[in-house]
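Undergrad: need coordinates for the below:
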Amino acid sequence: MGDLGRVLTGRFESMVRRRRGITTRQEQLTTRTEIPQVDKEMSDLGGVRKVRFGLAAKFTIPVSIVLAIAIVLMGFVVYGKTSDSLKLQLTAQGVFAARIAAAPEVDSWDPDYNTHLNLTRRVDRIQAELALAGAATRESTSPEMTPEKVKELRAAVKKHDASQRFYNKKRLARIIRTATRGPGIYLDLKILPEGGRWVTASGENKGKHSGRPGTTATSPETEIFIGTYPVGDRNDPARFFYHPIKDKDDVTVGKAVVVFSERQIGNDLAELRSSIIIFCILGVLITAGVAFFTSRVFTRPLGHLMKDIKTVAGGNLQHRTRPRSHDEIGSVAFAFDHMTQNLAAAEVMRVDLADKEHQVSLAQEVQERLFPQALPNVGGMTLDAKNRLAGDLSADYFDAVQLEDGRVALLAMTASGRGVPAAIVLSMARSLFHAVGVQKSSPGEALRAINQLLSQDLRRGMYVSALYAIVDPATGSGSLASAGHRVPALQFVSASSGIRKLQADGIAIGLDKGPVFDRSLTETGFTLDSGDRLVLATEGAFLLQDADGEALGEDAFLRVVLACCKKGVAVDAILSTLENRLGAHPGDHDITVVMASRDA
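TA: Take a look at the predicted model:
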């Protein structure tokens, strides 16, 4: 099959080696230069942006701030409520103490209450024994009142008064203890009779207040003043509770005043404030810790997913992402793993597609070299040929060769199938045409020789149709043979300005290895006069589609060829007329037209 066959075989062996992962150094370099942009895009996936402010922090900070504000507000509310409660409790206790202090008769607060002198003033008539005792205290002329007796009576009175005063003091202390329960808040108790003198538990009238008094709903008669009371070398804030003392006729005969210190409330509130501050700080820290721990629990699966994404973005499409939770993040991880598998499959397809594109590129390069780079310059005859592709590779082939005896051989071929297989078959047929076909004197002999060799290598169902003509440019005589080519050759007769169909019988190359093919093949002779033209075309010319998608057919093609031949235009004009005037499109079939014009 010659050098071209060996070159083509070497090309396809390299394709097979790449499909199996076996490549030479030169093939590796070629492949790398063909898909640099795709590799660059894959490498760019590794540039994952670093996380500067994670979801855990975004969740922890606002939650901590909100809860901290809530805790602080709760602390303010607790402090305010407790302060009000302590003040109300102090007020209630002061009112209660003042009312208890005002309960006894006003005279009972006198330190001399129930003493001899006090009884003398309060009782109009006393018993004779008391009158005698009272008289005994004064100068007496009674013979029974001896100086010793008088002295004895005076001692008895003095003892009684001392005992009464001690009792009065104990009673006063007992009342004070009952009325002022609550250590640290009681300061003093004062009794003010109407028109009398102050009686105080402390023994002196201390403390001062100003302003308008306040009252309570539970005891509207009790007046409350705010002031200060001296305690040692300092003045404590104090409250003065005034309650009226009334007699049996409900007439106010005096006032009872109880003085309570507010310092203890301040101390209690200070302790409460410190406790609340400590509670708020601990609450904020605990809340932040719990929020951060919770956020880490929620974001840990997301962190694993980020690592998986970085791994995949780095180019490891075989990495599997395992869902670590059953929530939305787990669903995303499952979807990402599924996407990674699809990407891996797409990457395999990409590599395979790049390999196939490389194969097609090589086949295109080979096929371009198979077509004649220039048609022979033959005296007395003008040659022209064009091939319009419908895809990447052509399933048509044409050739024009001047034989050793001066005649011109014109060839138009169409291989079955498409793409690389069709290109391979055409390259083999082309090699055989140049190797043995041009050595034969007639078209029939040439096609028989080609079929004998090519049919041995074609698998069942593969074939090549061919239209082969040999013309003598000096005399215009020629002969034509067809191997299963359904498009007849066309002869433009300049004398009559008409078209003549040149048809020959025969089956396609490759369908039979010899006897049937040889018997079916016939030749048709023709003569080209001055100005006549011979047109060879492939089946794609009949299968051109109009604007409605319908095939143009043989008649439309013949009309276009006739019109163009009358104008004396070349093959380009025929194809352009089909595409422009008739709105024809190549569709899925290649179009090849070969024309030989005999000079006038």
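Undergrad: so Phe225 bridges to which residues?
TA: Beta-bridge partners for Phe225, by DSSP bridges, are Phe240.
Undergrad: and it, how many neighbours?
TA: 19 (other Cβ atoms under 10 Å). Where C-beta positions appear, they are placed from N, C-alpha and C, glycine not excepted.
Undergrad: confirm for me that it is in contact with Lys208.
TA: No - contact criterion Cβ atoms under 8 Å: Phe225 and Lys208 do not qualify, at 9.3 Å.
Undergrad: pLDDT (mean, whole number) over stretch 545-556?
TA: When pLDDT is averaged over stretch 545-556, the result is 77.
Undergrad: residues of that stretch that come out buried?
TA: 545, 552, 556 (16 or more other Cβ atoms under 10 Å).
Undergrad: next step: these restricted to helices.
TA: Judged by DSSP state H, helices contain the following of the buried residues of stretch 545-556: Ala556.
Undergrad: including distance to Val150, could the buried residues of stretch 545-556 go into TSV?
TA: As requested, the buried residues of stretch 545-556 are exported to TSV (distance: Cβ to Cβ, whole Å):
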residue	distance to Val150
Gln545	161
Leu552	168
Ala556	172
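Undergrad: relative to Arg300, how far out is Gly289?
TA: 16 Å (Cβ to Cβ, to the nearest Å).
Undergrad: tell me the spacing between Leu562 and Thr252.
TA: According to Cβ to Cβ, Leu562 stands 144 Å off from Thr252.
Undergrad: let me fix that: Leu521
TA: Leu521 sits at a distance of 152 Å from Thr252 (criterion: Cβ to Cβ).
Undergrad: okay, those two: which has more neighbours?
TA: The neighbour count for Leu521 versus Thr252, taken as other Cβ under 10 Å, is higher for Leu521 (22 against 13).
Undergrad: isn't that one right up against His485?
TA: No - applying Cβ under 8 Å, one finds Leu521 not in contact with His485, separated by 11.5 Å.
Undergrad: who touches both of these two?
TA: Here Leu521 and His485 share the contacting residues Gly506, scored by Cβ atoms under 8 Å, 6 or more residues apart in numbering.
Undergrad: could you pull out the helices for the stretch 301-450 of the chain?
TA: For the stretch 301-450 of the chain, helices defined by DSSP state H, counting those that start in this stretch occupy the ranges 328-370, 419-435, 443-454.
Undergrad: could you dump those into CSV and include mean pLDDT?
TA: Compiled in CSV, these are given as follows (pLDDT from 0 to 100):
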stretch, mean pLDDT
helix 328-370, 82
helix 419-435, 89
helix 443-454, 93
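Undergrad: now those as TSV including distance to Ala469 and mean neighbour count?
TA: Formatted as TSV, the helices of the stretch 301-450 of the chain follow (distance: least, Cβ to Cβ, whole Å; neighbours: other Cβ atoms under 10 Å):
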stretch	distance to Ala469	mean neighbour count
helix 328-370	20	15
helix 419-435	13	22
helix 443-454	6	22
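Undergrad: can you redo those as CSV with distance to Gly266?
TA: Below are those laid out as CSV (distance: least, Cβ to Cβ, whole Å):
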stretch, distance to Gly266
helix 328-370, 54
helix 419-435, 99
helix 443-454, 117
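Undergrad: check contacts around the residue positioned nearest the centre of the chain.
TA: What sits nearest the mean C-alpha location of the chain, by Cα atoms, centre = their mean, is Val332, with 9.7 Å. Val332 sits next to Leu305 when contact means Cβ under 8 Å, 6+ apart.
Undergrad: distance check, it against Arg418.
TA: To Arg418, Val332 is 44 Å away according to Cβ to Cβ.
Undergrad: now swap in Val297 and tell me
TA: Val297 is 60 Å from Arg418, by Cβ to Cβ.
Undergrad: neighbour count for the two, which is higher?
TA: Taking other Cβ under 10 Å, Val297 and Arg418 do not tie; Arg418 has more neighbours (17 against 11).
Undergrad: tell me the pLDDT at that one?
TA: The model's pLDDT for Arg418 equals 83.
Undergrad: that one touches Ser394, doesn't it?
TA: No - Arg418 is beyond contact range of Ser394, at 9.5 Å (criterion: Cβ under 8 Å).
Undergrad: burial measure for the closest residue to Pro376 other than its chain neighbours, as a count.
TA: Excluding its sequence neighbours, the residue lying closest to Pro376 (Cβ to Cβ, 6 or more residues apart in numbering) is Gln402, at 4.4 Å. Other residues lying near Gln402 total 18 when counted by other Cβ under 10 Å.
Undergrad: what pLDDT does Gln402 get?
TA: We note a pLDDT of 93 for Gln402 in this prediction.
Undergrad: do the one 5 residues further on as well
TA: Per-residue confidence (pLDDT) for Arg407: 94.
Undergrad: one more: Pro147?
TA: 75.
Undergrad: next, count neighbours for it.
TA: The burial count for Pro147: 7, using other Cβ under 10 Å.
Undergrad: hmm, back to that, so who does the residue nearest to Pro376 touch?
TA: 376, 378, 408-409.
Undergrad: just Ala563 next, same as before
TA: Counted by Cβ under 8 Å, 6+ apart, Ala563 has contacts Thr577.
Undergrad: and Lys246, backbone torsions?
TA: Here is the backbone geometry of Lys246 (degrees, to the nearest 10): phi -120, psi 150.
Undergrad: burial count for it?
TA: Lys246: 16 neighbours (other Cβ under 10 Å).
Undergrad: and it, what's its pLDDT?
TA: So, for Lys246, pLDDT stands at 82.
Undergrad: and it, what are its bridge partners?
TA: Thr252.
Undergrad: what about Ile191, neighbour count?
TA: 23.
Undergrad: relative to Val257, how far out is it?
TA: Distance from Ile191 to Val257, by Cβ to Cβ: 8 Å.
Undergrad: again with Ser465
TA: Counting by Cβ to Cβ, the gap from Ser465 to Val257 is 134 Å.
Undergrad: where does the chain dip in pLDDT?
TA: 1-56, 105-145, 168-185, 195-207, 209-212, 215, 217-218, 248, 547, 581-587 (pLDDT under 70).
Undergrad: what residues of stretch 496-509 count as buried?
TA: 499, 502, 504, 506-509.
Undergrad: which among the residues you listed gets closest to Gly214?
TA: Gly214 has its nearest neighbour among those in Ala508, at 123.8 Å by Cβ to Cβ.
Undergrad: so the closest one touches Ser465, yeah?
TA: Yes - in this structure Ala508 lies within contact range of Ser465 using Cβ under 8 Å: 4.8 Å.
Undergrad: which residues do the two both contact?
TA: Common neighbours of Ala508 and Ser465 (criterion: Cβ under 8 Å, 6+ apart): 483-485.
Undergrad: strands - which of those land there?
TA: Ala483 (DSSP state E).
Undergrad: buried subset of the shared contacts of Ala508 and Ser465?
TA: Buried among the shared contacts of Ala508 and Ser465 (16+ other Cβ under 10 Å): 483-485.
Undergrad: so what touches stretch 568-580?
TA: By Cβ under 8 Å, 6+ apart, the list of residues contacting stretch 568-580 from outside reads 384-386, 388, 541, 544, 552, 557, 560-561, 563-564, 567, 584-585, 591, 593-595.
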